[in-house]
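Colleague: Fold the following.
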Amino acid sequence: MKVLDDRTKLRGGVVAALCIPLAFGAPHRASAQESQARPLSVRFSSAVIARNPIVYPKWDYTAGVVLLAIGRVADAEDVPSMRAYVKSNIDRLVSADGAIATYNPDDYSLDQIAEGRVLLALARNSADARYRKAATVLRNQLRTHPRTEEGGFWHKKIYPQQMWLDGLYMAAPFYAEYASTMERGAARDSAFSDVTRQFLLAARHLRDPRTGLMYHGWDATRSQKWADTATGTSATLWGRGIGWYLTGLVETLDYLPKTHPDRPELIRIINDLSAAVAKVQDPVTGLWWQVLDQPNRKGNYLEASASSMFVYSLAKAARLGYIPAAYRGVAQRGLDGIYANLVKTAPDGRLSLTNICQTAGLGGVRKDGVARDGSYSYYVTEPVVADDYKGVGPFILAALELGE
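Modeller: Numbers count the residues shown, from 1 in each chain. Predicted coordinates:
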């Protein structure tokens with residue numbers, strides 16, 4: 001990580017001035033010696049491992065997000081102990097016959113698919129058949145997963161006829177990677193077209209024509225209390241939801257054939273959405289807000305997981321030529337802003353990432369009785385926490401992508 005000596009004057013403002021204080025120490029500043037010795041991606045991965053020998057007690061997308069990131073750091077930096085950490089945490093839940101403890105296919109939850117990408121990564125480097133078997137269990141869920149009339153996956157069985165942005169990250173990259181590595185012929189081609197259909201449907205139904213950004217959810221029946229009666233969309237432009245979609249799309253293109261007829265349209269969507277995201281980047285800090293189009297409104301805050309997802313996806317898309325190279329600069333400003341404002345040194349001396357929205361969804365009520373109604377007030381009153389994997393995993397990937 002570059003030393004942030006005079007980056008407190010980053011791009012026209014004092015980046016530390018808008019730091020939202022949490023229960024951690026002062027913003028971390030790395031010494032030159034520390035920065036040269038251990039990349040930021042390694043230091044954050046090491047902090048996760050030290051705090052959590054068992055990354056998560058059950059099969060869950062949040063564990064998948066951070067294990068995927070740590071696994072990539074392990075490969076890029078050749079850290080055997082990190083590889084062992086990823087493997088041990090998967091092996092705790094995956095038996096020799098490929099059965100996955102705590103996973104229930106009858107839930108039909110796209111959230112349960114995301115950790116399958118770690119299985120595929122392990123399968124590439126292991127003769128142990130359990131990983132391929134377990135990945136096939138997850139692939140089989142998608143064969144019977146309930147869909148909208150147009151063929152879009154429901155986010156979960158308990159959310160009928162609803163597509164959420166989250167689901168595009170949860171299922172599509174796994175689906176595309178599985179098809180690329182484990183399927184052939186007509187089955188493979190059909191899977192790729194099914195993957196692209198999910199992104200195209202979401203873009204069609206969830207894009208806000210005013211901003212170019214995307215709403216969190218869409219109800220095909222327009223019957224949910226949170227759904228607009230004309231469009232079926234929810235009401236708010238939630239940062240992490242858009243981050244899930246953009247990251248999922250950039251990751252999926254790694255496996256989609258360059259000759260696929262939908263590929264140009266998906267790249268066009270990336271360009272359109274990247275431009276919209278860059279427009280709402282905070283000009284002072286380089287970060288992004290919890291609700292993207294309402295900066296400085298009471299209750300809104302600069303949020304770490306969305307910022308990390310945008311940094312990673314913009315940087316990777318620019319490197320691969322999907323979007324202009326100048327977006328690497330947008331991403332670098334974002335990473336600098338996260339590091340200056342939201343990275344702290346925790347009481348145990350390890351690096352910590354703050355200002356992470358703990359959760360957000362649509363429908364039902366929270367434990368405190370607040371309706372998950374898709375409103376601005378709902379999104380800005382969900383708990384804000386530190387070191388949640390939904391922020392830490394993308395931040396590690398962002399640091400790795402930008403070589404820091």
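
Colleague: Buried residues, stretch 254-261. List them.
Modeller: Within stretch 254-261, the residues scored as buried using 16 or more other C-beta atoms under 10 Å are Y255, L256, H260. For every residue, glycine as well, the C-beta is placed using N, CA and C.

Colleague: Among those residues, which lie within helices?
Modeller: Taking DSSP state H, every one of the buried residues of stretch 254-261 sits outside helices.

Colleague: Looking at these, which is nearest L351?
Modeller: Y255 (31.8 Å; C-beta to C-beta).

Colleague: Do I have it right that the closest one meets M182?
Modeller: No. Between Y255 and M182 there is no contact under C-beta atoms under 8 Å: 11.1 Å.

Colleague: ok, the buried residues of stretch 254-261 vs S190, which is closest?
Modeller: Among those, and counting by C-beta to C-beta, the member closest to S190 is H260, at 11.9 Å.

Colleague: out of everything not next to it in sequence, what's closest to that closest one?
Modeller: F192 (5.8 Å; C-beta to C-beta, 6 or more residues apart in numbering).

Colleague: now do P324
Modeller: Closest to P324 by C-beta to C-beta, 6+ apart is A318, at 6.8 Å.

Colleague: Please give me every residue in contact with A74.
Modeller: Residues in contact with A74 (C-beta atoms under 8 Å, 6 or more residues apart in numbering) are S45, P80, M82, R83, Y85, V86.

Colleague: got those residues as a markdown table, with distance to D106 columns?
Modeller: Shown next, in a markdown table, are the contacts of A74 (distance: C-beta to C-beta, whole Å):
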| residue | distance to D106 |
| --- | --- |
| S45 | 34 |
| P80 | 38 |
| M82 | 34 |
| R83 | 33 |
| Y85 | 31 |
| V86 | 28 |
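
Colleague: which of those residues count as buried?
Modeller: Here, 16+ other C-beta under 10 Å leaves S45, M82, R83, Y85, V86 buried among those.

Colleague: May I see those organised as TSV, with secondary structure added?
Modeller: Below are the buried ones among the contacts of A74 laid out as TSV (DSSP: H, G, I helix; E, B strand; the rest coil):
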residue	secondary structure
S45	helix
M82	helix
R83	helix
Y85	helix
V86	helix
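
Colleague: Tell me how far the residue nearest to H260 lies from I323.
Modeller: 22 Å (C-beta to C-beta, to the nearest Å).

Colleague: before we move on, what about G299?
Modeller: From G299 over to I323 (counting by C-beta to C-beta), the distance is 32 Å.
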